[in-house]
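Asker: everything below, folded, please.
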Amino acid sequence: MGAVDIAVPPAPLLSRTPMVALLGNPNCGKTALFNRLTGARQKVANYAGVTIERKEGSFSSPAGHGFRVLDLPGAYSLSAHTPDEAITRDVVAGLRAGEQSPDVVVCVVNATNLRLNLRLVLEIKRLGLPMILALNMVDVARKRGIEIDADRLAQELGMPVVETVAVQAGGEKSLLRALDAMWPLHESAPQPLAAIDAVSVEDTQREVRRILALVSSDARDTGNLTEKIDNVVLHPVLGPVILAVLMFLVFQAVFSWANVPMDMIKAGVDGVGTMVKEAMADGLLRSLLVEGILGGAGSVLVFLPQILILFFFILILEDCGYLPRAAFLLDRLMGGVGLSGRAFIPLLSSFACAIPGVMAARTIQNPRDRLVTIMIAPLMTCSARLPVYALIIAAFIPEREVYGFMSLQGLVLFVLYFAGIASAMAVAYVMKRTMGANSKQPLMLELPAYHWPHMQNLALGLWERCKIFLSRVGTIILTLMVLLWFLSSFPGAPEGATHPPIYYSLAGILGRGLEYVFAPIGFNWQICIALVPGLAAREVAVGALGTVYALSQSGEELAQSLTPIIAGSWTLPTALSLLAWYVFAPQCMSTLSVVRRETNSIRYPLMMAGYMFALAYTASFLTYRISLFLIGG
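Answerer: Residues are numbered from 1 along each chain as shown. The predicted structure follows:
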C-alpha cells in the first residue's frame with residue numbers, strides 16, 4: 001500500500017497591518033533605516049513595566065501595502081546579557097505580555113563587519129519567523145574593498161538578502177520591494193527559545209566562518225580612511241587634546257550662535273505680553289496671562305535655541321561615530337576612579353537629561369559599575385540646568401572676549417560643565433572604594449566606521465528634542481507656573497502694606513520661612529520660592545523666578561525682561577552661589593523616580609538626594625563666603 005500524502009492546510013492570512021521588527025547589532029544603521037522608512041510617522045514610548053524606549057512607526061510600500069515597524073533595542077545575541085537584549089529577545093519570541101510577535105523580522109547587518117553580525121542572524125533564523133536580511137552600509141564596504149555576494153548569501157541563509165544604504169535617499173527601496181514580494185503575509189508564530197540553544201555558540205561561529213568564506217572576498221583597502229583618522233583621533237597625546245577642544249568649542253557655540261534666535265523669541269514673548277496688557281483691563285485674568293504664563297513659561301521658552309545647539313553637536317558626534325572613540329580615550333581617566341570607559345556613553349547621555357543617562361547604564365554588565373554610574377549620572381550638567389546657567393551668566397558675566405577669541409560667557413559655562421564632571425569623578429572614586437570594588441574591567445567596544453552625519457537623522461533628532469522641551473513647557477512648567485501664580489497672588493496685601501503683594505502671599509510666607517535656612521548661602525526669599533517648584537524640573541526655576549519677579553515689580557519695571565531685574569536685585573556672590581547650587585542639587589523628581597525603577601530600591605534615590613543636597617549646600621556656602629571675602633557684597 002503506497003504512502004498517503006497528507007495535505008497541510010496553509011496558515012491563515014493576516015487580518016491586521018503586518019508588524020515588521022528591525023533588529024541588529026548596535027552601530028549597524030538600524031535606527032537610520034527606521035527613520036528612512038517612517039520619517040516623522042513615529043512615536044516613542046516605554047515598554048510596559050520598564051524604562052526601556054519603544055520606537056514604533058508606520059510606512060507604505062510602493063505597492064500600497066501598509067506596515068507597522070518596530071525599532072528594537074540593539075543586541076549582539078538573543079542570549080541576553082543586558083536588559084536591552086532581554087527586551088529584544090522577548091519581543092521577537094512573543095514572550096512580552098501585550099506585545100505581539102513580529103510578522104516579519106528585518107535583520108539589519110553592517111556590511112563592513114559581517115563576522116560579528118551574522119551570529120545574531122543565525123540565532124533569529126532558528127525561531128522560524130519570516131526574515132529579510134538588510135545588508136546595510138554596502139557603500140562603505142565597497143570603498144574599503146569588501147565585496148559581498150548577496151545572491152550567494154541569500155542562498156546560504158535561505159532568506160531574501162537586500163542591499164541598503166540607510167543614510168541615502170532611496171537607500172531603503174530594495175527592502176520595500178522585498179516586503180512587497182512577501183505579500184500576502186500569513187499568520188506565524190516563533191519557535192520556543194530553546195531552539196536557539198539547540199546549536200552551541202562554537203557551532204554557530206563555525207557556520208559564520210563557513211558562510212563568510214563563500215560570500216565575502218578577502219580584499220582589503222590599505223588606505224582605509226577610518227584607520228587614518230583614528231591614528232590621529234586615538235593618539236595618546238593628541239586624542240585627549242582634540243576631545244577637550246571639541247567640548248570647549250561646543251560650549252562657546254551655545255552662547256555665540258544662540259543670541260539672534262533667543263532675541264527673536266524674547267521679543268515675541270514681550271510683544272505678546274504688551275498686546276495682552278493693552279487689550280485687557282487690569283485684573284486677575286490679565287495678571288495670570290502676563291505674570292503667570294508669559295512671565296513664567298515664556299522665561300523658559302527663550303532658552304530653546306541654546307538647548308537645540310547643544311543637542312546639535314551631541315547628535316553630530318554620535319552620528320559620525322566619534323562617541324565610542326571618546327569612551328576609549330576616557331577609559332584610562334575613568335579607570336582612575338574605578339569606572340570603565342563604557343560608563344562614558346550613559347554619562348554623556350546625561351548631558352541631555354539624566355533620565356536617559358540612568359537608563360543607558362543598563363548596558364554596563366558589572367552590577368557595581370552600573371550602580372555607581374547611575375548614582376553619578378545626575379551630576380552631569382543636563383540641558384535643564386542650561387536655562388538657569390544662561391540666565392545668571394547673561395546677567396552677571398560681561399559679554400566680552402578673552403585673549404581676543406574666547407567668549408567669557410562661554411568660558412564660564414565650560415567651567416560649570418567641567419565642575420559637574422569633576423565632581424562626578426570624585427563621587428565615583430569615593431563610592432567605588434566604599435563598595436570595595438577596586439578591580440577595573442577591560443573595555444570592549446565596537447568602533448564603527450566614520451561617516452558624514454546624516455541630515456535627516458539630525459533633523460529628526462533635533463525635532464524630537466524640541467517636541468520634548470515644548471511639551472514640558474506646555475505641561476509641567478505651565479501647570480506649575482499657574483499654581484505658583486495662584487500661591488503668589490493670594491491672599492493679597494493688607495492695607496498699608498509696604499512690600500509688593502507677593503510678599504504677603506502664601507508663596508511669600510513659604511519663601512520667607514525658607515530664607516532662614518538659605519540665608520547663609522546668600523539666597524533671598526524670591527530665590528527660595530523658585531527652588532520649591534524647581535524640585536519637579538530644574539528649568540522650572542527660571543519660569544518661577546520670572547513669575548515671582550513679575551509679581552514683585554510694578555509700573556515700568558514690568559516691561560523689563562528677567563535678566564536686568566535679577567542683575568539689579570542680586571549681588572554677584574549670590575549669583576555665583578546659585579550657580580554652585582545648581583551644579584549639584586538634585587532638583588528633578590523624575591530622575592529620582594527613574595533611579596527607583598532602575599535599582600528596584602528606594603534606598604538609592606534617597607541616598608542620591610541626600611548626598612547631592614549636602615554637596616549643593618556645602619559648595620554654595622563656600623562659594624558665597626569666599627566671594628564675599630574676595631569681592632564683597
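
Asker: residue contacts, Ile316?
Answerer: Counting by Cβ atoms under 8 Å, 6 or more residues apart in numbering, Ile316 makes contact with 453, 458. Every C-beta, even on glycine, is put in place using the N, C-alpha and C of the backbone.

Asker: burial measure for Leu212, as a count.
Answerer: 17 (other Cβ atoms under 10 Å).

Asker: contacts only, for it.
Answerer: So Leu212 contacts 114-115, 118 (Cβ under 8 Å, 6+ apart).

Asker: does it count as helix, strand or coil?
Answerer: Here Leu212 is recorded as helix under DSSP: H, G, I helix; E, B strand; the rest coil.

Asker: got it, and Gly128?
Answerer: Gly128 - assigned by three-state DSSP - is coil.

Asker: for the nearest residue to it once chain neighbours are set aside, phi and psi?
Answerer: Once flanking residues are discounted, Gly128 sits nearest to Gln191: 4.6 Å by Cβ to Cβ, 6 or more residues apart in numbering. For Gln191, the backbone dihedrals (degrees, to the nearest 10) come out as phi -70, psi 160.

Asker: wait, Gln191 sits on Ile124?
Answerer: No. Gln191 lies out of contact with Ile124 (Cβ atoms under 8 Å); the separation is 10.6 Å.

Asker: more neighbours: which of these two?
Answerer: Ile124 (26 against 13).

Asker: state the helix or strand in which that one lies.
Answerer: Following DSSP states H and E, one finds Ile124 within helix 114-125.

Asker: what ranges do the strands span in the stretch 151-300 of the chain?
Answerer: Remark: strands assigned in the stretch 151-300 of the chain by DSSP state E, counting those that start in this stretch are 161-164.

Asker: one more: the chain?
Answerer: Secondary structure of the chain (DSSP state E): strands at 19-24, 42-46, 53-60, 66-71, 104-110, 131-136, 161-164, 401-402, 406-407.

Asker: in a markdown table, list these along with mean pLDDT and mean neighbour count.
Answerer: Shown next, in a markdown table, are those (pLDDT from 0 to 100; neighbours: other Cβ atoms under 10 Å):
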| stretch | mean pLDDT | mean neighbour count |
| --- | --- | --- |
| strand 19-24 | 90 | 24 |
| strand 42-46 | 68 | 12 |
| strand 53-60 | 84 | 17 |
| strand 66-71 | 90 | 19 |
| strand 104-110 | 90 | 25 |
| strand 131-136 | 92 | 25 |
| strand 161-164 | 90 | 23 |
| strand 401-402 | 72 | 11 |
| strand 406-407 | 74 | 17 |
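
Asker: dump those strands to a markdown table, plus distance to Glu278.
Answerer: Shown next, in a markdown table, are those (distance: least, Cβ to Cβ, whole Å):
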| stretch | distance to Glu278 |
| --- | --- |
| strand 19-24 | 54 |
| strand 42-46 | 41 |
| strand 53-60 | 45 |
| strand 66-71 | 50 |
| strand 104-110 | 57 |
| strand 131-136 | 58 |
| strand 161-164 | 57 |
| strand 401-402 | 40 |
| strand 406-407 | 37 |
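
Asker: the spatially closest residue to Leu179 that is not a sequence neighbour: neighbouring residues, count only.
Answerer: For Leu179, ignoring the flanking residues on the chain, the nearest one in space by Cβ to Cβ, 6+ apart is Ser61 at 5.5 Å. Ser61: 18 surrounding residues under other Cβ under 10 Å.

Asker: contacts only, for Ser61.
Answerer: Counting by Cβ under 8 Å, 6+ apart, the residues that Ser61 touches are 67, 176-177, 179-180.

Asker: follow-up on the earlier one: alpha carbons of the helix holding Ile124, as PDB, please.
Answerer: In PDB, the C-alpha atoms belonging to helix 114-125 read as follows (Å, rounded to 0.1, in the frame of the first residue of the first chain):
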ATOM      1  CA  LEU A 114      29.600  40.600   8.900                       C
ATOM      2  CA  ARG A 115      31.700  38.300  11.100                       C
ATOM      3  CA  LEU A 116      30.200  39.900  14.300                       C
ATOM      4  CA  ASN A 117      26.700  40.400  12.800                       C
ATOM      5  CA  LEU A 118      25.900  37.000  11.400                       C
ATOM      6  CA  ARG A 119      25.800  35.200  14.700                       C
ATOM      7  CA  LEU A 120      22.600  37.100  15.600                       C
ATOM      8  CA  VAL A 121      21.100  36.400  12.200                       C
ATOM      9  CA  LEU A 122      21.600  32.600  12.600                       C
ATOM     10  CA  GLU A 123      20.000  32.700  16.100                       C
ATOM     11  CA  ILE A 124      16.900  34.500  14.800                       C
ATOM     12  CA  LYS A 125      16.600  32.200  11.900                       C
END
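
Asker: other SSEs contacting that helix?
Answerer: strand 19-24, strand 104-110, strand 131-136, helix 201-215 (3 or more Cβ pairs under 8 Å, 6 or more residues apart in numbering; DSSP states H and E).

Asker: Phe344 contacts Ala326, doesn't it?
Answerer: Yes. Judged on Cβ under 8 Å, Phe344 makes contact with Ala326 at a distance of 6.2 Å.

Asker: among the contacts of Leu212, which one has the most neighbours?
Answerer: Among these, Leu118 has the most neighbours (other Cβ under 10 Å), with 24 neighbours.

Asker: per-residue pLDDT, that residue?
Answerer: You'll see Leu118 listed with a pLDDT of 88.

Asker: so where's the stretch 501-633 of the chain uncertain?
Answerer: Applying pLDDT under 70 to the stretch 501-633 of the chain flags residues 536-537, 539, 550-561, 587, 632-633.

Asker: what's around the nearest residue to Ile527 once chain neighbours are set aside, how many residues?
Answerer: Residue nearest to Ile527 in three dimensions, not counting chain neighbours: Leu578, with 6.5 Å by Cβ to Cβ, 6+ apart. If you count neighbours by other Cβ under 10 Å, Leu578 ends up with 29.

Asker: let me see the contact set for Leu578.
Answerer: Contacts of Leu578 (Cβ under 8 Å, 6+ apart): 388, 392, 522-523, 527, 570, 620.

Asker: isn't Ala166 right next to Gly29, touching?
Answerer: Yes. Contact status for Ala166 versus Gly29: in contact at 4.5 Å, counting by Cβ under 8 Å.

Asker: neighbour count winner among these two?
Answerer: For Ala166 versus Gly29, neighbours defined as other Cβ under 10 Å are more numerous around Gly29 (28 against 24).

Asker: report pLDDT for that one.
Answerer: 82.

Asker: got the contact list for it?
Answerer: 108, 110, 136-137, 164, 166-167.

Asker: repeat the analysis, applying 10 Å as the threshold.
Answerer: 22, 36, 108-111, 134, 136-137, 140, 164-167, 171, 448, 451, 454, 457 (Cβ atoms under 10 Å, 6 or more residues apart in numbering).

Asker: again with Leu95
Answerer: With the criterion set at Cβ under 10 Å, 6+ apart, Leu95 makes contact with 86, 89, 101, 190, 192-193.

Asker: pick the one among the residues you listed closest to Val358.
Answerer: Val358 has its nearest neighbour among the contacts of Leu95 in Ala86, at 17.5 Å by Cβ to Cβ.

Asker: pretty sure that closest one sits against Ala80.
Answerer: Yes. Counting by Cβ atoms under 10 Å, Ala86 touches Ala80, with 4.0 Å between them.

Asker: so those two - more neighbours on which side?
Answerer: The residue with more neighbours, out of Ala86 and Ala80, is Ala86; 19 against 15, by other Cβ under 10 Å.

Asker: and that one, how close does it get to Asp71?
Answerer: 16 Å (Cβ to Cβ, to the nearest Å).

Asker: excluding chain neighbours, give the residue nearest to Asn524 in space.
Answerer: Using Cβ to Cβ, 6+ apart and skipping the chain neighbours, the partner closest in space to Asn524 is Glu515 (6.6 Å).

Asker: I'd assumed Tyr503 was in contact with the one you found.
Answerer: No. Applying Cβ under 10 Å, one finds Glu515 not in contact with Tyr503, separated by 11.6 Å.
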